[in-house]
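Q: All I have is the shape, not the residue letters:
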């Protein structure tokens, strides 16, 4: 009994000793000090993604020192911890890509104060650590998440303060489609609209075998949400025009909603065999040239018609190829429905243009090219009868912009063309939405793309123009995702105060809801 009592005393002293050590704070100063700086990454946190970077730590250990770290401690604001399934710590020297790092610690015990246990000995030099978040399956994407790193403790319990000068909130989102979902290698080319019932309808390429463009084994997929993007129904294949045996496929979808007939229209390129950009030629038949195909739904996206070609109605037989934008189309004030389009002429020069129907999809007509050497475009109706076409320009550096008042029979280059909107030669999204701006509703143009004039493709950004595209003020910009991606995006209005964006990651489709007030300052 006496021995047991002595043992308990020693155990108590040991616990008190460790507690005392844990209260000690490292106070190194000058050039020989150990520093830990936490820098927030710029990206949403996605459900269905195992790894979501939140902080990157830069540790500097002076010559002659080695630290054996054992814990990271931090704080989660409000009830944000309830959306988290797991926190992880990664070690790696790549400052841009967490996937190249090694997992060193994790915890599924989450509260407003968290501790991630890890055992990592770091020698003199510079080191990078990453804090990653995994969300619960039932996390609410209307929430935001705010995390602050407080300190790291070594094996003796000594606490090393983490300097985090910027404490920012993260949007939560959902990885609508991930690589290898349903055995599919890659999902690409987003389009999204909101119906009159508030239903979100998204479309995209189902690239079964690889991430390569047509020709290939590609179909058009559709996903549907009736709760503003919080949850999504299972994927449906709405355009299946061939298969792996003859390398036929359909892709590059564009989607619009006709509010008069309550019809959803989707257009795409059908490449029978090799009849995409490189293999398509003059003519109108599927064996000669790529086909501009459409399908539709009259029951809010529950069922879809069989795709059919409108190529003979819209393509000049001398052109090599004619197909959609891709992305989103629009309905005009006078009832016309319009898709952005592109064609390669007889000498293989690409042009952006449009196709439209003035009888709600019974027949279709096309415009002429707005500018040479432009391809993927998006359009809005700025004022009744005036369309503004925003174009991917193969010259690089900027988007080109033109307007038409006669449904694309003639075009006028806009003052902002090839100067206002940087672009690395990629697809972009462009919509007009009546939204609440500082207490009053107003027509606003929104634009999303990679806000850079050079490669690599990165920096997904949303911008707003309050004067219908006459200017794009730097203040009205939201930097959404800094990471490298495939770059395509599609915007839709969810309600007067909220936008939705569906954009490409790497082989994935990512969805986030964005408050308008976060874009318009």
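A: Cool, the structure landed. Since this is a predicted model, take the numbers as computed values, not measurements. Numbers count the residues shown, from 1 in each chain.

Q: for stretch 372-386, which positions count as buried?
A: Of all the residues in stretch 372-386, those buried under the rule 16 or more other C-beta atoms under 10 Å are 374, 375, 376, 377, 378, 379, 380, 381, 382. The way it works is simple: take the backbone N, C-alpha and C, and place the C-beta from them, glycine included.

Q: which ones among those residues are found in strands?
A: 374, 375, 376, 377, 378, 379, 380, 381, 382 (DSSP state E).

Q: Give me the distance between the third one and residue 482.
A: Residue 376 sits 23 Å away from residue 482, going by C-beta to C-beta, to the nearest Å.

Q: How many neighbouring residues does residue 261 have?
A: Residues lying near residue 261 (other C-beta atoms under 10 Å) number 15.

Q: CSV please, covering the buried residues of stretch 372-386 and showing distance to residue 49 and pLDDT.
A: Listed next are the buried residues of stretch 372-386 as CSV, based on distance: C-beta to C-beta, whole Å; pLDDT from 0 to 100:
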residue, distance to residue 49, pLDDT
374, 34, 98
375, 31, 98
376, 27, 98
377, 31, 98
378, 27, 98
379, 32, 98
380, 32, 98
381, 36, 99
382, 37, 98
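
Q: For residue 138, state which of those residues is nearest.
A: For these, the minimum distance to residue 138 (C-beta to C-beta) is 34.5 Å, reached by residue 378.

Q: Next up, the contacts around residue 500.
A: 192, 194, 200, 228-229, 491-494, 511-514 (C-beta atoms under 8 Å, 6 or more residues apart in numbering).

Q: and with 10 Å instead?
A: Counting by C-beta atoms under 10 Å, 6 or more residues apart in numbering, residue 500 touches 173, 192-194, 200, 202, 225, 228-229, 490-494, 511-514.

Q: Would you mind measuring from residue 212 to residue 517?
A: According to C-beta to C-beta, residue 212 stands 40 Å off from residue 517.

Q: Over to residue 408?
A: 35 Å.

Q: So these two - more neighbours on which side?
A: Taking neighbours as other C-beta under 10 Å, residue 408 and residue 517 compare with residue 408 leading, 24 against 13.

Q: The more buried one reaches residue 343, doesn't it?
A: No: at 11.5 Å, residue 408 and residue 343 do not qualify as touching, with contact defined as C-beta atoms under 10 Å.

Q: Overlap in contacts, those two.
A: Common neighbours of residue 408 and residue 343 (C-beta under 10 Å, 6+ apart) are 352, 353, 355, 366, 367, 368, 369.

Q: Strands of the stretch 1-150 of the chain, start to end?
A: Along the stretch 1-150 of the chain, counting by DSSP state E, counting those that start in this stretch, strands occupy 35-40, 45-47, 53-61, 67-76, 84-91, 102-107, 113-122, 125-135, 144-154.

Q: just the stretch 351-500 of the chain next, same as before
A: For the stretch 351-500 of the chain, strands defined by DSSP E, counting those that start in this stretch occupy the ranges 365-366, 374-383, 386-393, 397-398, 400-404, 412-413, 422-423, 429-437, 440-450, 460-465, 477-481, 489-495, 498-504.

Q: Buried residues in the longest one, which are they?
A: By neighbour count, and taking 16+ other C-beta under 10 Å as the criterion, the buried residues in strand 440-450 are 443, 444, 445, 446, 447, 448, 449, 450.

Q: And it, how far out from the chain middle?
A: 17 Å (C-alpha atoms, centre = their mean, to the nearest Å).

Q: what number of residues lie near residue 81?
A: Using other C-beta under 10 Å: residue 81 sits among 17 other residues.

Q: likewise residue 471?
A: Residue 471 has 12 nearby residues by other C-beta under 10 Å.

Q: Residue 200: how many residues sit nearby?
A: Neighbourhood size, residue 200 [other C-beta under 10 Å]: 24.

Q: what's it in contact with, if anything?
A: By C-beta under 10 Å, 6+ apart, the neighbours of residue 200 are 176, 192-194, 223-230, 232, 301, 492, 494, 500, 502, 511.

Q: ok, 6 Å please
A: Residue 200 sits next to 194, 225, 229 when contact means C-beta atoms under 6 Å, 6 or more residues apart in numbering.

Q: Can you list the neighbours in contact with stretch 201-208?
A: 184-193, 217-224, 251, 253, 255, 264, 266, 301, 502, 509.

Q: any idea how far residue 240 is from residue 218?
A: For residue 240 relative to residue 218 (C-beta to C-beta), the value is 10 Å.

Q: These two - which one has more neighbours?
A: Using other C-beta under 10 Å, the more surrounded residue of residue 240 and residue 218 is residue 218, with 34 against 16.

Q: Can you check what pLDDT the model gives the nearest residue to that one once chain neighbours are set aside?
A: Distances taken as C-beta to C-beta, 6 or more residues apart in numbering put residue 249 closest to residue 218, at 3.5 Å, once the chain neighbours are dropped. At residue 249, the model reports a pLDDT of 96.
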